[in-house]
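> Here is my input; please provide its structure:
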Amino acid sequence: MKTDKIVIVGGGSAGWMAAATLIKTYPDKDITVIESPDISTIGVGESTQGQFVRWTKYIGLDEKDFIPFTDGMYKLSIQFTDFYKKDSGPYHYPFGRPHLEDENDLVFPTWYAMRSFNPELEARSLVDLTFPAQKLWSKNKFFDNEDDSLGNFKPDVDGAVAYQFDATKFAFWLRDRYCLPRGVKHLVSHIEDVPVNDEGVECLVLKNGERVYADLYIDCSGFRSLLLGQALNEPFTSYEDFLPNNSAWACQIPYKDKEKELELFTNCTAIENGWCWNIPLWTRIGTGYNYSDKYVSDEEALEQFKTYLSSDKMIIPRSREEIETYKFRNLKTRIGRHDRIFVKNVMAIGLSAGFIEPLESNGLFSVHEFLFTLIKIMSRGEISEFDRLWCNNEVSDIFDGFAKFVAMHYSMSLRDDTPYWKDTLNRQYSEKIGGGYMDNQLYRAAAYSSAQRKFFDVWEPHYNLFDGVLYITAGMNYKHLVGGDLFDKIHYDPELENKVNFVYDKWKERAKQWEKAADNAPSTVEYMRNKFYSE
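Model prediction:
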């Protein structure tokens, strides 16, 4: 199959990211994006993972161009509040690696040994003691590695930063400032019909009767999945048996005190039937409630969301009078994925391929990772059935692995205050998501199982000492034996406690130095204003 002429159905973040990636990689190809004037994008706001920065660097984006246009903000971490138990408080999953004294520094095993000898140490101390950037986000302060004004303190934020921005504005920016100037064609028209033949999609019939032909069709039509799902009837497998959150209320709220509320992380707070997000952008906060309509009606969920907005779970609670002025949108999501993502001459990207749920900011993650897979198989010039098979295996592994990772945030919870959380505590997790992209990480995190629930079957404790999954297990107070040989020594080496506590004292002193340096850093508002928003 040739790929000289490519048509992308649907705009939004996925469509224009696809166009940008393809025109960057293959500037001589004929690429067209078709958007319907009658269908709006989801566009509730996007919080990204650190891998998104890799994609921006690949296509050559300058953050000083797109951040001001998209209301963008830096993001250093994800905070999970009350996921372990009700009112248990927050823990963080930071981006990047912990601070190392040298390449042989065994951060995770050392910290677990510290907790063994110092039971008063909270789970959140792992991040407090090993991430300099924690001192920044906890104080709403920021500076980057280019800043020499604070002496030798260099928080590892280079390569450990993600973004938060307005998704609709980002799509517009990619369209107008990147794709169209590089030759991508833009066609605004509703697609009336999608005839198919043995090769896949034959053409796209537009509202005016025009027929558009292509070698390769990229389906970015959102949950409608116009090409892959509707035209080619590719089966869809739901994941709601282990990821039941299929609905959301979303709204945008103004700042009351920007210095306090403009945080450098996405905040996720577990409540009765799911969790609420807070995504701070430059001019406003995007917030919402992700829940399961199997446990609560939409009307009840909206009331629970409003109660959250007026509670002390917010940095500054909103009054009920203020809340009633907000505009709330109700969204229904389709949890799962199509069995194959690339079928005949159609590949789906974004929501048309599948959706996990918003936890861990995975929406755009699948977009750029699927696109990287696509451009790999296009590099041979033409696409064979073997290429499609390889692509489907690759993207399925990526998707299923992330689904497993997201499910882990629920499976390890000990909340039991509502039927929703009781079911989470006892849910049997399906073996059909076994295997995948995250397996190498999850194998290293030990056997997650208990009398109440079974998540994984057989896990080998081959630990990668920088796996992000270990921050989740630490935050959930799961005391698996990271570095089992070290823990064996705890029982037989009487000198180990002295050695571990020597390191503990050293880490505490180091953290005090980080905190002192952070105190002298500019506020996040001041930093962002000076770097991006001064004009």
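> from here on, contacts and neighbour counts on C-alpha atoms
Noted.
> So what sits opposite residue 80 in the bridge?
Bridge pairing for residue 80 (DSSP bridges) gives the partners residue 91, residue 268.
> how many other residues sit next to the nearest residue to residue 351 once chain neighbours are set aside?
Sequence neighbours aside, residue 222 is the residue nearest to residue 351 in space, at 4.5 Å (criterion: Cα to Cα, 6 or more residues apart in numbering). Neighbourhood size, residue 222 [other Cα atoms under 10 Å]: 24.
> which residues touch residue 222?
Neighbouring residues of residue 222 by Cα atoms under 8 Å, 6 or more residues apart in numbering: 10, 41, 350-352.
> Quick check: next helix or strand after whichever strand or helix holds residue 299?
In this assignment (DSSP states H and E), residue 299 forms part of helix 298-309. Downstream of helix 298-309, the next assigned helix or strand under DSSP H and E is helix 320-323.
> Packing partners of that following helix?
The contact analysis (3 or more Cα pairs under 8 Å, 6 or more residues apart in numbering; DSSP states H and E) places helix 320-323 against helix 298-309.
> who's in contact with the helix it packs on?
Against helix 298-309 from outside (Cα under 8 Å, 6+ apart): 249, 271-273, 276, 288-289, 291, 314, 317-318, 320, 323.
> Same question for stretch 4-16.
Contacts for stretch 4-16 (Cα under 8 Å, 6+ apart): 18-19, 29-36, 41, 43, 167-168, 170-172, 174-175, 179, 213-222, 349-350, 364, 367.
> in the stretch 201-350 of the chain, which spans are strands?
With DSSP state E, counting those that start in this stretch, the ranges of strands along the stretch 201-350 of the chain come out as 204-206, 211-212, 216-219, 236-238, 247-253, 265-271, 274-280, 285-291, 329-332, 336-338, 342-343, 346-348.
> who does the fourth one pair up with?
I take that to be strand 236-238. Partners of strand 236-238 in its sheet, by DSSP bridges: strand 336-338 (antiparallel).
> For the strand it pairs with, what does the pLDDT average out to?
Per-residue confidence for strand 336-338 averages out to 96 on the pLDDT scale.
> ok, now stretch 410-428?
Rounded mean pLDDT across stretch 410-428 is 90.
> Likewise for stretch 115-134?
87.
> and the end-to-end length of that stretch?
The separation between the terminal residues of stretch 115-134, taken as Cα to Cα, to the nearest Å, is 19 Å.
> who's in contact with residue 236?
Contacts of residue 236 (Cα under 8 Å, 6+ apart): 229, 336-339.
> From residue 375, how far off is the residue nearest to it when sequence neighbours are not counted?
Nearest residue to residue 236 in three dimensions, chain neighbours excluded: residue 338, at 4.1 Å (Cα to Cα, 6+ apart). Applying Cα to Cα, the value for residue 338 to residue 375 is 20 Å.
> same check, this time on residue 136
Counting by Cα to Cα - residue 136 and residue 375 are separated by 38 Å.
> In terms of neighbours, single out the busier of these two.
The neighbour comparison of residue 136 against residue 375 (other Cα under 10 Å) goes to residue 136, with 25 against 14.
> hmm, back to that, now distance to residue 14 too, for the contacts of residue 236, in CSV please.
Shown next, in CSV, are the contacts of residue 236 (distance: Cα to Cα, whole Å):
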residue, distance to residue 14
229, 17
336, 17
337, 16
338, 17
339, 20
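> out of these, who's nearest residue 108?
residue 336 (33.1 Å; Cα to Cα).
> picking that back up, what two of the contacts of residue 236 are the furthest from one another?
229 and 336 (12.6 Å).
> Could you check which of the two has the larger neighbour count?
Using other Cα under 10 Å, the more surrounded residue of residue 229 and residue 336 is residue 336, with 22 against 19.
> Verify the contact between the more buried one and residue 239 for me.
Yes. Counting by Cα atoms under 8 Å, residue 336 touches residue 239, with 4.6 Å between them.
> Find the residues that touch each one of the two.
residue 356.
> how close does residue 226 sit to residue 351?
Going from residue 226 to residue 351 by Cα to Cα gives 11 Å.
> Which of the two has more residues huddled nearby?
residue 351 (26 against 21).
> Tell me the spacing between the closest residue to residue 92 other than its chain neighbours and residue 208.
Leaving out its chain neighbours, the residue that sits closest to residue 92 by Cα to Cα, 6+ apart is residue 79, at 4.5 Å. Taking Cα to Cα as the criterion, residue 79 is separated from residue 208 by 49 Å.
> So if I had to pick from these two, which one is more boxed in?
Between residue 79 and residue 208, counted using other Cα under 10 Å, the more crowded position is residue 79 (21 against 10).
> Quick one: residues contacting residue 179.
Residue 179 is in contact with 16, 19-20, 23, counting by Cα under 8 Å, 6+ apart.
> Highest neighbour count among these?
residue 19 (28 neighbours).
> which secondary structure element contains that one?
helix 12-25.
> Render the CA-only coordinates of that helix in PDB, please.
Below are the C-alpha coordinates for helix 12-25, written out as PDB (Å, rounded to 0.1, in the frame of the first residue of the first chain):
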ATOM      1  CA  GLY A  12      -8.700  18.700  17.300                       C
ATOM      2  CA  SER A  13      -5.500  17.800  19.100                       C
ATOM      3  CA  ALA A  14      -5.200  14.300  17.600                       C
ATOM      4  CA  GLY A  15      -5.900  15.400  14.000                       C
ATOM      5  CA  TRP A  16      -3.500  18.300  13.900                       C
ATOM      6  CA  MET A  17      -0.800  16.400  15.900                       C
ATOM      7  CA  ALA A  18      -1.100  13.700  13.200                       C
ATOM      8  CA  ALA A  19      -0.800  16.300  10.500                       C
ATOM      9  CA  ALA A  20       2.200  18.000  12.200                       C
ATOM     10  CA  THR A  21       4.000  14.700  12.700                       C
ATOM     11  CA  LEU A  22       3.500  13.500   9.200                       C
ATOM     12  CA  ILE A  23       4.400  16.800   7.400                       C
ATOM     13  CA  LYS A  24       7.500  17.000   9.600                       C
ATOM     14  CA  THR A  25       8.600  13.500   8.800                       C
END
